[in-house]
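A.B. asks: Quick one: sequence and predicted model below, then my questions.
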Amino acid sequence: MSEYDIKNLEELLASHLHREIVDKKITRLTAPGENYGSLMLKVDLTVKNGDRTEEIHAAAKCVPPNEAIQKMFNTQVTFRNEIAWYTIIIPTIQRFLRENNVRFSANFFTELYGARISLNKDSATVDEDGVILFENLTKSGYRNDDRHIGFDLSTAREVLKAFAVFHAVPAAMRLKQPELFDNNIRPHLHTVEFFNKEEFPLSLGFLKFLETDAVVKHLAEKVKTAIDRCKPFGTDDVQDIWGTTTHNDSWINNIMVRDKSEPKVKIVDLQAVSLGSPAADLVFCLITSVNTAVLEKHFDELIQFYYDQFIYVIKEVGVDYQQFPYDSFARELNAHGPAQFAHCVNFLCGILADKGDTQNDPVKKDYNLEEHMKALGEIFTERHQERFRFLIKEFARRNWI
């Protein structure tokens, strides 16, 4: 008997296909430490289609059993909003692109098979039977790159091309069809507050490194001041033309890659999307997810590459690109880059942590967030040192700390 189960699977799949399930196997999809805000399951089904049987390979995003994680990720809001992304927002984006006869596609989303917040159709509460079922991308050859290594240059460019579409299309829609944006997209965006200095104090390992490392210790006070003045992630006001959908969790494990020689990417985990600045996603993605040696040589080039892709999309959908000059984007980077410092510091401690930590598994009911953060904070490897040196020096160079 499997440790995991999903109730009423045939009913959940009914909107996608009408098949009788003759066999199923449900196992854990992601290893402990590779996913925090949900329980991810691998769902392999044998279904009857007329006189023959066929295989369906799916991935299920389930409500995390641990109440602390539910609270931290605001599951009652974020789970519902992620369902809206697949059922309302993505179809709206695809239709908008077709109507504007563009020469590109937003093909970096995952296909939905079915979703619910509860078995009770009349319930407005997300409960333990909430599930989002989509295609298992690993069966199509998609994988997560190694979070300890980060994206190479060619993969980083493909990732930025995808995020340029993710950001630019809703930005264009706000200008070209504001009513469509306000009706179909804005209601499903929310303020993200993942960082709280009291809940996530600076790790002991990071503090020791900051105060003793010969390369960055002269910047220690600047670093502490920068973190102290940071607001919770995703709470920056959006008042100008750059306001759009921001992923807010654009790190390497939420981006899947296929065909490394000619990379293709998928963007997953849409639970934390809010209205914000694309500059915030860009900085966070580069710092947390691209190889350090690549960043040292190509950081400015990648920023320019992203901007050029953003402008290409804006032009394609028929919006005046002159409303988005580069000097305005540079101001966006300077306005929102500094706020990403604490975001990056906080996440990199976990991203660079050793793999396979079964003692601190966020999906377990007895998971203790405080103990896990303390454990992460006491570990500071050479990987951490290399990445944090770059982070601190780069933010200092740009006067972001």
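C.D. replies: Perfect, thanks for sending it. Numbering: from 1, shown residues only.
A.B. asks: where do the helices sit along this structure?
C.D. replies: 9-13, 67-72, 75-84, 90-99, 153-176, 178-184, 204-212, 220-228, 278-289, 292-316, 326-336, 340-351, 369-377, 382-397 (DSSP state H).
A.B. asks: average pLDDT across the shortest one?
C.D. replies: In this case it means helix 9-13. Helix 9-13 shows a mean pLDDT of 92.
A.B. asks: ok so, going back, could you say which of the helices of the chain is packed most deeply?
C.D. replies: Most buried of the helices of the chain by mean neighbour count (mean count of other CB atoms under 10 Å) is helix 278-289; its value is a mean of 25. Where you see a C-beta, it was placed from the backbone N, CA and C, and this is true even at glycine.
A.B. asks: Kindly provide the whole-number mean pLDDT of that helix.
C.D. replies: For helix 278-289, the per-residue pLDDT averages 97.
A.B. asks: same deal with stretch 100-107?
C.D. replies: For stretch 100-107, the mean confidence score works out to 94.
A.B. asks: and that stretch, which residues are buried?
C.D. replies: Asn100, Val102, Ala106 (16 or more other CB atoms under 10 Å).
A.B. asks: helices and strands of the protein: which one bottoms out on pLDDT?
C.D. replies: Lowest by mean pLDDT, DSSP states H and E among the helices and strands of the chain is helix 369-377, with a mean of 71.
A.B. asks: Return the backbone torsion pair for the residue located most distally from the centre of the chain.
C.D. replies: The outermost residue of the chain, judged against the average C-alpha position, is Asp51 (41.5 Å), by CA atoms, centre = their mean. Main-chain dihedrals, Asp51, degrees, to the nearest 10: phi -90, psi 0.
A.B. asks: so how far is Lys24 from it?
C.D. replies: In this view, Asp51 and Lys24 are 20 Å apart by CB to CB, to the nearest Å.
A.B. asks: what bits of the stretch 1-150 of the chain have low per-residue confidence?
C.D. replies: 1-2, 33 (pLDDT under 70).
A.B. asks: what about the strands in it?
C.D. replies: 20-28, 39-49, 52-62, 112-116, 131-135 (DSSP state E, counting those that start in this stretch).
A.B. asks: Deepest-packed of the ones you listed, please.
C.D. replies: Among the strands of the stretch 1-150 of the chain, highest average neighbours (mean count of other CB under 10 Å) belong to strand 131-135, with a mean of 23.
A.B. asks: what angle do that strand and helix 75-84 make?
C.D. replies: 30 degrees (axes from the mean of the first three to the mean of the last three CA atoms, to 10 degrees).
A.B. asks: who's in contact with strand 131-135?
C.D. replies: Strand 131-135 is contacted from outside by 6, 12-13, 43, 57-63, 79, 82-83, 86, 110-116, using CB atoms under 8 Å, 6 or more residues apart in numbering.
A.B. asks: what sits against Ile241?
C.D. replies: Ala171, Leu175, Gln323, Phe324, Ser328.
A.B. asks: Per-residue pLDDT of it, please?
C.D. replies: Taking Ile241 on its own, its pLDDT is 92.
A.B. asks: that older thread, between the helices of the chain, which one is nearest to Val47?
C.D. replies: helix 9-13 (8.3 Å; CB to CB).
A.B. asks: next one: that closest one to chain centre, how far?
C.D. replies: 27 Å (CA atoms, centre = their mean, to the nearest Å).
A.B. asks: Packing partners of it?
C.D. replies: strand 20-28, strand 112-116, strand 131-135 (3 or more CB pairs under 8 Å, 6 or more residues apart in numbering; DSSP states H and E).
A.B. asks: now with 10 Å?
C.D. replies: strand 20-28, strand 39-49, strand 52-62, strand 112-116, strand 131-135 (3 or more CB pairs under 10 Å, 6 or more residues apart in numbering; DSSP states H and E).
A.B. asks: Need those strands in a markdown table (columns: distance to Asp354).
C.D. replies: What follows is these, written out as a markdown table (distance: least, CB to CB, whole Å):
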| stretch | distance to Asp354 |
| --- | --- |
| strand 20-28 | 19 |
| strand 39-49 | 20 |
| strand 52-62 | 25 |
| strand 112-116 | 34 |
| strand 131-135 | 29 |
